[in-house]
Structure formats: structure tokens, C-alpha cells
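1. Just the structure for this:
(chains A and B)
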Amino acid sequence: MLVLSIISCRDPFEPEIIRQDLAILVVEGYVEVDGESFISLSRTSPVRDTASVVFESGARVFLIPESGTSFWDFEESEDQAGFYTLEGSFDPNQKYFLNVWLSNGEMYQSELLTPIITPDIEELGWLRDEVGVEIFVSTNGNEDARYFLWTYNEDWIFNAGISSFLIFENGGVRERREEERVDRCWSSTFMPRIVLQNSARFDGNRILERELVRIPNLSEKLQRRYSIEVVQRAIDQDAFDFWEILRKNSDDIGGIFSPLPSLISGNINNVDEKKDENVIGFISMGRSSRKRIYIDQADVAPWRVEIPEYEFCNLSMDTIPPELASSRFRTGVEIPARILFDGPFFLGYRGASRECVDCTLRGSNVKPEFWED
Amino acid sequence: MKLKAVFVFFFSILCLFPALAQDHSKKFSGLFPGISFQRFARQIEAQSDYEFYFLEKDVSEIQVNISAAENTLPQLLVTIFEGKDLKFSIDGSNRVFISKNSALEVKLAEDFFNKRDREIKGDSLGAQSDIDRAFSRNKLYVIGSQGSQTEATLSGRITGIDTGNPVFGAVVFERVNYTRAITNEAGEFSIHLPVGRHTLFIQNLGGFVEQRQLSLLGDGILDIAIEENIISLDEFTISSEKMSNIARPEMGVQSLNIQSMRKLPAVLGEVDVIRSILTLPGVQTVGEASVGFNVRGGAADQNLILMNHSTIYNPSHLFGLFSAFNPDMVESVELYKAGMPVKFGGRLSSVLDVEAKYGNPDKVQVTGGIGLMTSRLTVEGPIGENTTFALGGRTTYSDWILDILEENTDFNDARASFYDLNFNVSHKFNDKNTLKLNVYNSSDNFRFDRDTTFTYENRNFNLGWTHYFNEKLEAELVLGRDQYNFGIQGRDNPSNAYDFGYEILQDFAKVNFQYEYDDQHQLNFGLHSIRYRLQPGQIGPVGEPSLVIPESVNTEQALETAFYIGDNFEVNDHLSLNYGMRYVIYNYLGPNTIREYRDGVPIAPPNLEREREFSAGSIINTYHGPEFRISARYILDNISSIKAGYNTGRQFIHLVTNNAAIAPTDVWKLSDPNIRPQWGDQISIGYYRNLKIDKYEFSVETYHRTLRNLIDFRSGATLILNNAVEQDILRTEGRAYGAEVLLKKNTGKLNGWISYTYSRSLLRTAAEETAEKINNGGWYPSNFDQPHNAVLVGNYEWSKRISTSINANYSTGRPITLPVAQFNYGGNERVYFSDRNAYRIPDYFRVDLSVNLEGNHKSKKLAHSSWSVGVYNLLGRRNPYSVYFTPVNGVLEGFQLSIFAQPIPFITYNFRI
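-> Sure thing, here's the model as predicted:
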């Protein structure tokens, strides 16, 4: 057994890939027939480039119906460059083109978009088992809606390693107000994974309990309360293939029996066919359906939590008398956590490191707008 | 004295010329009182420059009891041998030869230089069994009467020296032109030679090489008695290979017997057929844990892997860690890289013909081995007089294994197990009819997690009947069935629990005739027919709650029939031609539904013209055409030859995979109206030379191959459970070229070989393919294009019992498609890939070392045992198997995955009872 455990291993690999910036246009988004649509425009960057994503701002993005001359312009979001939104209502029986005119004069158009009305999410449920909690979705596809794509966002409350209701301010220690709390925060993930399923493989196009997320034991996500919002979209086969390639290129590469990576493109092309320019992105259109659920710690109890960042959190051993509080807490490296009394006599404070006390280092102490307690 | 007797063996007739001037004037005096002849000889040798040569047993009874006074040695010897049947002769170098019955001729016949006047009356020199071998080997036999003929036929009978029985199957040959003959059941042979001097060698299987010096003047008879004792099998093997390198008419053929495979350091202590052939020039692999191998730039599915006529679709266990051939059951392996014999067909790149054992005819023998991961046991032997059998099995110890293939904690629940079984029987009804049965079964079962189990299995059996019509014509009829299946059992969740199954079934019939038309023509002709039945995938629900809809891809059926004829034509002493043709007819059979697409546009759903239903047994379409196999050998001189060849092939069954390595779950697909059969040709030329009296063997071969109708896949192709797989296929053409250099040392304590291969393998989307052009329709390297490959195999025998082997292997890294840009999509960092196979993984280099320890060679012992101890990947080099990119803390980091990344020690115990 010893022999086998040393057989394989993983090492860093840094090929001398040409550090050439291809800057391929990337178009992402979904056009809602009813509600808010978004399109984002960005460029690819060289591999291992740590700089933030280059967004393409100042473009004109608009939707035109297959027949007719009318058009609807997207508006670029003010606080996020390269992010374009459109609020509107469109006839789902029509077909549309999405057009993108960049500020550099290049013009792009999508292939014809056929809106697909997504069936409702029948059930968004979860299951506690020995390895954790599995969250699954069930739905019923139909002739028009066979291929499903799910994205989800998760939000949850977690506690700091050491909870403190004290704050050092202006040379003194006082109790925190509600909005200053750092003992519990919200953390979140945004579309961490794409889940795809072809319902045609199942009886009556019925997708039952498709696993979306698995929360392993000891995860902080279920320390207090957890929420997941799932967006379900029915897409056509070409879109499904695009997402499947995207998923395979990300998830499946590098294994022993992994497929070779595929070249990815999409349904957006340069209007000038001679340019033979590759554009990444597949825009779909239709009506998506959403659902949100909450899971409380009590629902899954007992649920032990281990947060690696808080593993070595301890209160300082010494008691800090009030006259030393200023010198100890002024830098913010240490934060007062407890008040010590000996009977009625106030002795001083015990502190802890900021990393252990301040949960805002790992999340936000502002309750998300949608959050229901 | 024994040594000196041996020396006589090598004594050549040419040394006898000085015998013409003899002088025995040296006088001896003294008393020799009742001493042994040996002692007498020593004393004479001490006093003079005479040297004695004799066999100890001949003189053991002689007592020397004489008093000498100024006597010459001949006088003394005459006295000593008086009344005995011993004779002596003395040559010009004062060498004294003692022999029984008749004296060794140390002089040339008086009329040696005056042969023309000579009349030889008797043309037969009777059986030589009564003459000491030492003389027979070196004596010049003058045969036949002088005539005007330039060539003569020598015939005779070979018998055992002790038994007097005829020796069947002995090879009679000379080493200048390698003319040879084989004795029949009566021990009779007939060989056609130019008149003049020859050294004729007689090789009995497993025996000494016996030799006779001939002066062939005309047709004649020479009967020869040889020893039948088994001396050494190795000796036979090497000399036969020595001959074959230069004289063999085919080219691109590599043979390995199990003895030489045993000398290679084996991973995990197991002698491995596939790993062994990977040390040969022109054979490469994409990685260590891969099932297939690539020959001369061909894909892994282009190798026909046969074991005693059975086609083995998956020749490996545990994703390629072990090959599926039990080493104790293997006799030898031949790999045809070019110039495939005409009786083989159906694959473009190579034929790997594994010959398995039918059992030891003398006694029941048990062999086995115990290693770290596997154990094996083989029983073989005779049942009655005419039947032999061999039964072998191999298995892993337990179901555990391998959270190692990928460093991933999800694989804690990984399990793997396998076994294989061979059962071969040969029964000889009479001298003319032999029946052979081959049964093979191998099975694998593995899972990476608790939910999904993979299985695969080879099942083969066939029955062969060999019939000898007469001395010239022999036929073999083989009927059999080959089966390969794999399955996936998904138990992830009761609502989608499923079983997936896939199966290939092929029934075949072969009739092969071998006809020795005359001395110059050896014909080989026959018929080979395969009936394919493929169940290319079906999925079904398991259990009540499962909602999986049973689905299956249409079964496929086809009939492949080939007629062939080939001739090995010895044009003259120098030139030999091997040419043949194979005509293949392939019928794709119903029932099936065939999609017809419009011409000239991509094969895609919008271009579907119509679907046609075909009933069972109806012929949907037919492909047919000839295949040519031509090769020629021209012997330049005793030690070198050139060869050239051209061959073409067709392949009707394709592996549908878009992995770099073959995965056990890849499906095979038959050619149909939309997927044409693959076609390939190869032209090759080579130069062969033996150096230092056959000590070294050197060869260079170059080749160029063209391949058409290969298969590549569109981006995002779905290959499993796809009824219309043609819509995901890109018609591709290929070319491969390269050169192979091999220098081999066959004999001596240090032996082995060093080989270098330059090989390119390129693909291009076919011009007529409109759906998608990979890399804009330009040439791109195939997944197994590894231009440089060098192998060193060295074996040093410290003694008969201890040997050390080293195996070093270098090759260029295989091509990969690398990410060249990153972007954000769907909330995650994504990668954009370069042109197909634009980059390479780092080069591969590995050194293995092993020590083989044989037990002692005492014949009376319960079991012969041996140990094999060694280290695989001695340098611990982390050879990357694959490379991938994944975001770590928001930065896309590259990783290389290595298998066997550290020195892996192994130990195996082998035994034979």
C-alpha cells in the first residue's frame, strides 16, 4: 500500500507560453423576455495575469427583432464599466438579434435568438447525510425546454472566531452598536458552478433531485443560517454544448481520462465575416425561473463547524488593565474582547487578534437586502 | 586435458597445411612405470614441444608401462597403443591427436589440389555415429562427383547420436547465403547449394549447433548424427535472430521472446509484454498509465493485438498499469511495424502477435510468481501421449487500490481488482492432424468513488485444426469468437441509478494454407472472415425509483472478408521477394437506420436528407478494395543487406475517443455509409549489418506513411450514447514519417540494445470536410507525436545466477493544447486554449534497474525459484503525464500530474516446480 501511495503527484507547471495578449472579446449574458437583462463585455487576458478583468466600456448594445426596425438599447451600468442592462418586455414568440458595437468601431451580431420559457423550479430541496448536506433541484422539462442550466448564489452567516461586543475608540473601550457588530457576518459565493442537465434522458423530461451543491461537514455555511438562490434557465442545444465545453474545459481537464480541451467560441460573430475573429460567449434569451431557500443550523443539528482561519484563536492570557488599554488596542492589531470583573471589581480587559475577532475581514456585517431572518 | 579436447572443436582444417612438413626426430629416454596416459602425456609435453589432444574417457584404461631409450614419440605411441583401438596422428605443429578407431587426418588428401582428376566412387558416407564428434565437425567431407553443374543437392538423414532416432525439425543451414532446410519427421533433409566448400550447420531445437565441413562436388548424401541433449535454449534463440536480421525477407519486424522480456526491469515486478515492446524502436506511448501504444506514428486503435488468433481489444489491466498477458503463458511476441504478413489485416499500423504456450510435453510443471500487487500461477504439461495443456491465472490480492492515480481526496473510496485466465490445449490426433484450443478471459473492475463502478472484460476462445497434406502443403483452420465489453454502474442517487453497457462481439473463421511450391517459392494463401456485432451502448434504470429511460444506440453489424495470397520468392542467393495481395470486402449489415446527408455540406442535423431503415441481414453498403504487401531483401555480402517495402491497409473498426490515452470506456465504431474505412500505406527502406562476427547487429529503417479517413472530433463532441456519432466526427488525414536506428549486442556477459527513433505524426482536417477545420485546416501534431525517442537496454550477467538490467528511456514530451488566455465567464475564471497541440509537455526520461537472482541449478530440488528486485524510475524524475490549469487564489496556475513520480521499488518471487 505504501508503494502505491507514492505513485502519483502533482507539481507546478510553468510553460513558457508566449506572453501575448490575445484580448479576445468575451460576451456574457442573458436576455429576459420579462424583466432585467444583462450583458457584460470584457477581454481575455494572458494566462497567470493577476490584473483585474479588462472590461469593454462605451459600447452600444442593442436588441432588434428578426422582423422590424425597432430596437432596444442596453444601458451601461454606472458603477460597473462593461456591464450593460435593459429592463423590458418582449414578445417570446418573436426571434431577435443582439448587436454589439464597440467603441473601436467593430460591430458584432449574435445568431438569431429564440426565447425559451423556462418551466418553474418544482422543488429546491436538501438532504442531510453522513458527509454533509446536498442541495438539489427538481423540474419538469418539455418539448421546448429540454436542456437546463442552473446557476446559483449562496449567502450565509458565520461567526468570528472570538466574539467581541467591545470596541476601542478615542482612547477608551465601549460596547459596539448593532451596526458595528463584528461577531457575525454574511459571506457569499456568486455563481460558483454551472450545472447542466439534458432532461431528454429522463422519463417525461422529468429531472428529479439533480444535485447542485454539496455542503461538506464542518463547513461554516451552516454555522447559523444559509440561503441559496437558484436560477434555472432552459436553453437550446447549441447553448448547452457551449456551456458543456466551458464546463469540461474548466472541470475535466488534466485527469487521466480527461478529454482534450475543445476550442470554445459561441453565437456572437463579427459582422465583417472576412475578419474571421473569434468571439467567446453564448447569449441565450427567454424567461428564467428563480427560487430561494434557507437552511438553519437547527435544521441540520448537530452541525460542528471548523473554520481554518479561526483554528488558533485564543483570548490573550494576560489581563489588560484600563490604563494600558490605549497602548495595547491603539494599533488595531489586538481588539478588546472581554471585560473582566473580580466580583464587583473591574479588573480590565482581555483581548484577541483582529483576525479572530473581526469577521468583516472575511465577509460583510451588512445584512443583504433580500435576507429574511 | 579436457580443455584441450574442447579446443579440438574449434580446430579448423586450414591449420593442417603445415602437416606437409613433418619431423619427429625428437628422441625420448626414460622409464615410464605403470603410469596413466595423462601423466605420460604431461611428461612428454614437459620434455618437448609436443601437445596432446584427446578425450579422457578414451585413454582412461591405458596404462603406460614402457622403458624408452632414444625412441621417437611415434615409436612410443605405437607401443603403448598396441592391441588397443586407439589411433594417433601428429601434425606439423607437433600436436598429437589421439582418437578411437581411426586416426585423425592431419594431411590433406594427396590429390587435394588435383581434384579434377579425381573420381569419387561412393557418394555416400554412412552414418557417422561411431566417429567422435570432434572429428566429424572438422573433417572435410567430399561429396558427389565432379561434373559441370554449378549447384548440387545434398540430402541426408539426421539421427540422434545416442538413440539413433530420426531428428524432426532440425535446421540445416550454411551461413554465407543462409540457405537452409528443415528435416521432416523421418529426419530427412535436402538442401540446394552451390558446388564448392561449405560449412554446414545443423541446429536442433535446444541442442548444440553441429557442423560439417563439406567440399560439395555434385549431388550426394550426407547422414549426420547429432546430440539431442538440451544444452541451452538461449543459444538457439540468438543464432536464429542473428540470421534473421540480415536474411529475413520482411522488414520492420521485431521479435521478443519471454527470456529477453524477463531481463527488462519491470514496473511493480511483473514481466510485461506491452512494456517490453515499448523498448523497441518505433513503438511509443503517450503516458505511463495508458492502455495503448503507438507504432510509427499510428493511433493506438490501429494495432491488431492477437494472442493465439484471438483479437484482444483491451490489452491491459488497471488503466494500463499491467498488460493483460500473463507472462508465464507467453512464449514469444512478434511485432510487425511494416511488412505485415499477408495473412494479417484489418489494422493500419501494426500487428502484435503474442504466442501463448500449449504446455510442456514432457512433464507437468507449475510456475508462478508472487509480487507486491499480483500473484500468478500456471500449470502446464502433458495429458497422455498426444495432448498437452497450459492453464494460467493471475489476480490482484485485494479490492483496494489507487487513491494514487490522481491526487484527490475524493478517491478515498477507490477500489480496483482484476484477473485473467488462459487455458490452451493442443492435441495431436496423428502425424497429420493437430487440434488446438485457446481460451482467454480477462476482467477488470474499478471505481474512483462509491457511486460509480467501471468494469471491462475480454472473453475469447478459438479452436484451430492444423492438417499436413503432404511435405509441401499444410493448412490451418481456426474458428473462434472474440468478445469485449465494458460497463458503468451508476448508483449516485436512486432516482438516476443506471447501468451502462457496451459490447463488441466478433466471430471469425480463418483458413490459412502454406505451400512450398519449390525451393524458390513459398506460397501462403487463405481466407479470413469476421462477423462483427457491436452493441454500441445502452443505458437502463436500476431499481424502482430510477427515472432513467432505457436508451440504446442501434446495434451494428458487419461482415469483413479477406482473401489473400502471398509468395516468398527466393530469386537468387542475394535477392528475395515477398509479395502478396489481400482483397477485402466489407459489408455493413442491417438492421439499422441510416441517415443520409446532402453532399458537400457539413454532416449536421440541418443537412439531414432522409433516414432509411434497413431490415435484418440486408446489406446497407459495401466497401472493398485490395491491399498490397511487397517487400524485397537484397544481401550485399555476408554481413549486410538492404530491404525495402511497400504496403497498404484498410481498417473498418475505429476507436471513438477524444482522450489522449485510450480509456477503458472508449467505444469502437464500425465503418458505415457516413464513416469511411481508414486507409493507409507505408513505404520503408532499411539497411542491416552485423558487426564483429555477429556480435553486434545494426539496422537503420526509414518510413513514410500516408493515412486517410482518420477520425477527429468536433469541439464538444458527445461520443457515448450518440446514435448519430457521424455528426461529431471530422474526417481527417494523416501522415507519419521517421527513422529508426538500432544497435544490438547479442552475446557476451554484457548484452542489450540501444535504439533511437525519429518519428513524426501529423494530422490535418480533410479538405472535403466542411464542418470545422482544426487549426484552420493546417497540419497539426497528433496526440502521440513524439519526435525523438531513445532507449537503452543493458543486461549484465555477473554469473549464471545473478544478472543486472538497466533500462533508460527518453522521449520528447507529447503535444498538448495549452491555455493561452483567461477570461471570466459564469462567475469563474475560464481558460482559452491555443491551437490544437501547439505546445508540448516536458520531455520524458526514466531509468529502471533490476537484479534477477536465480536459485541454484541443482536438478533435484522441489522448486526452482528466482527473485526479481529492482527500482522503477530510479532517478525519481517526475515525468509529467498531463498538464492542466486551475485557478488558485484567483490566479490561473498550471500543474503537471505525474504518475510513478518517485523511485518505485519492487520485488517478485517466481517459482517453477
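2. for the chain, what's the longest strand?
-> Since you didn't name a chain, this refers to chain A. Identified as the longest strand of chain A according to DSSP state E is strand A:147-159.
3. wrong chain, I was asking about chain B
-> strand B:521-541.
4. Kindly provide the whole-number mean pLDDT of that strand.
-> For strand B:521-541, mean pLDDT is 91.
5. can you check stretch B:748-759 too?
-> The pLDDT scores in stretch B:748-759 average 90.
6. Tell me the buried residues in that stretch?
-> By neighbour count on 16 or more other C-beta atoms under 10 Å in any protein chain shown, the buried set for stretch B:748-759 is B:N751, B:G752, B:W753, B:I754, B:S755, B:Y756, B:T757, B:Y758, B:S759. (Glycine included, C-beta is placed from N, CA and C.)
7. Next, format those as CSV and append distance to B:A717 and secondary structure.
-> Putting these into CSV (distance: C-beta to C-beta, whole Å; DSSP: H, G, I helix; E, B strand; the rest coil) gives the following:
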residue, distance to B:A717, secondary structure
B:N751, 48, strand
B:G752, 44, strand
B:W753, 41, strand
B:I754, 42, strand
B:S755, 37, strand
B:Y756, 37, strand
B:T757, 32, strand
B:Y758, 32, strand
B:S759, 27, strand
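8. wait, which of the residues you listed is closest to chain A?
-> Nearest to chain A out of those is B:S759 (C-beta to the nearest C-beta; 20.6 Å).
9. ok, that closest one touching B:R296?
-> Yes. With contact defined as C-beta atoms under 8 Å, B:S759 reaches B:R296; the gap is 6.4 Å.
10. between the two, what contacts are shared?
-> Residues touching both B:S759 and B:R296 comprise B:G282, B:A736, B:G738, with contact defined as C-beta atoms under 8 Å, 6 or more residues apart in numbering or on different chains.
11. Looking at the residues you listed, which one is closest to A:E154?
-> B:A736 (51.6 Å; C-beta to C-beta).
12. In three-state terms, label the closest one for me.
-> Assigned with DSSP: H, G, I helix; E, B strand; the rest coil, B:A736 falls in the strand class.
13. That one against B:S761, yeah?
-> Yes. At 4.5 Å, B:A736 counts as touching B:S761 under the criterion of C-beta under 8 Å.
14. Show me whatever sits in contact with both of the two.
-> Common contact partners of B:A736 and B:S761 (C-beta under 8 Å, 6+ apart): B:G297, B:G298.
15. coming back round to it: pull the longest strand of chain A out as CSV, backbone CA atoms only.
-> Taking Å, rounded to 0.1, in the frame of the first residue of the first chain, the C-alpha atoms of strand A:147-159 are listed here in CSV:
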residue,chain,number,x,y,z
TYR,A,147,-31.7,21.5,-21.8
PHE,A,148,-31.3,23.1,-18.4
LEU,A,149,-28.6,25.4,-16.9
TRP,A,150,-28.6,26.3,-13.3
THR,A,151,-26.6,28.9,-11.6
TYR,A,152,-26.8,29.8,-8.0
ASN,A,153,-25.7,32.3,-5.4
GLU,A,154,-25.1,31.3,-1.8
ASP,A,155,-25.2,33.5,1.3
TRP,A,156,-24.7,32.5,4.8
ILE,A,157,-24.0,33.9,8.3
PHE,A,158,-20.8,32.9,10.1
ASN,A,159,-19.4,33.9,13.5
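16. could you give the mean pLDDT of that strand?
-> pLDDT averaged over strand A:147-159 gives 92.
17. Would you mark the buried spots in the following helix or strand past it?
-> For strand A:147-159, the succeeding helix or strand toward the C-terminus, using DSSP states H and E, is strand A:166-169. Within strand A:166-169, the residues that count as buried by 16+ other C-beta under 10 Å are A:L166, A:I167, A:F168.
18. and after strand A:166-169, which helix or strand comes next?
-> Past strand A:166-169, further along toward the C-terminus, the next helix or strand under DSSP H and E is strand A:172-175.
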